[in-house]
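Asks: this one's sequence-less:
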């Protein structure tokens, strides 16, 4: 059990640091090249990434969860962050690349759905447990 908690905490720390780096990158280095709307989209990706860092920290504190449940919620959250925030980073900087990232536009709502499922699964898991 300690192994999965350690993985969750280390992942949260890494994703948290990355969110801060990306926020600074967007605010300082990308600002001259992107519109206000594009910067807003980029910042939304970083903000939601950071929200889910705290969700992962919370997940790591839940001693009543089985390893299987914890791993499922962890996986849903990681894939959700990658798809949701990752696609927002790419879509907002689309004009700066030669690749047209608009073809991955489906990834944003899919990532959002995975994040909603992760939160909901944790909610219903805790709700079903006897106090």
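Replies: It's in. This one's a predicted model, so the numbers in the text were calculated from it and none came from an experiment. Numbers count the residues shown, from 1 in each chain.

Asks: So which residues of the protein form helices?
Replies: 2-24, 36-61, 67-92, 107-128 (DSSP state H).

Asks: just the ones you listed: most buried one?
Replies: Relative to the other members of the helices of the chain, helix 67-92 carries the highest mean neighbour count by mean count of other Cβ atoms under 10 Å, namely a mean of 19. From N, CA and C alone the C-beta is placed, and that goes for glycine too.

Asks: The helices of the chain: which one's closest to residue 99?
Replies: Closest to residue 99 of those is helix 67-92 (Cβ to Cβ; 8.6 Å).

Asks: quick one, the closest one and helix 36-61 angle?
Replies: Between helix 67-92 and helix 36-61, the angle comes out at 170 degrees (axes from the mean of the first three to the mean of the last three Cα atoms, to 10 degrees).

Asks: And helix 67-92, what does it pack against?
Replies: Here helix 67-92 is seen to pack against helix 2-24, helix 36-61, helix 107-128 when contacts are counted using 3 or more Cβ pairs under 8 Å, 6 or more residues apart in numbering; DSSP states H and E.
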